[in-house]
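1. Could you work out the structure for the sequence below:
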Amino acid sequence: MKVWITKYALSDGILEKDAAERRDDGTMITVPWKNGWNEVAYFHKNEWHDDKGTAIARAEGMRVSKIASLKKQIAKLEAMKFS
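-> Numbering: from 1, shown residues only. Predicted structure coming up:
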């Protein structure tokens, strides 16, 4: 089953993978993944999508949230005064 993974969307983009297994309740998938220490990766429901459109929408939401967070952080740093 083809899935789109958004867990790492802000660093690696949306990843298109073939899932090896899917839980019966649809909450988690297993994806073959070679990263040095394990051969599979597990992704929870909001980290993967079974169609590209919802994956793009999720990644956009993540991007907007991150921008808002960074703006808040910048405002806090600009307000700092050292004496």
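
2. ranges for the strands of this structure?
-> Remark: strands assigned in the chain by DSSP state E are 2-5, 15-18, 21-22, 28-32, 40-44, 48-49.

3. State the paired neighbours of the helix or strand of the chain with the lowest mean pLDDT in the sheet, together with their directions.
-> Lowest on mean pLDDT, DSSP states H and E among the helices and strands of the chain sits strand 21-22, with a mean of 76. Here strand 21-22 is paired, per DSSP bridges, with strand 28-32 (antiparallel).

4. what comes up buried for the strand it pairs with?
-> 29, 31 (16 or more other C-beta atoms under 10 Å). From N, CA and C alone the C-beta is placed, and that goes for glycine too.

5. between that strand and strand 40-44, how big is the angle?
-> 150 degrees (axes from the mean of the first three to the mean of the last three C-alpha atoms, to 10 degrees).

6. Contact partners for the residue nearest to Ile56 when sequence neighbours are not counted?
-> Leaving aside its sequence neighbours, Ile56 sits nearest to Ile14 (C-beta to C-beta, 6 or more residues apart in numbering; 6.9 Å). Applying C-beta atoms under 8 Å, 6 or more residues apart in numbering to Ile14 gives the contacts 4-6, 52, 55-56, 59.

7. Among the residues you listed, which one is most surrounded by other residues?
-> When these are compared by neighbour count (other C-beta atoms under 10 Å), Thr6 ends up highest, at 24 neighbours.

8. ok, now how distant is it from Gln73?
-> Per C-beta to C-beta, to the nearest Å, Thr6 is found 23 Å from Gln73.
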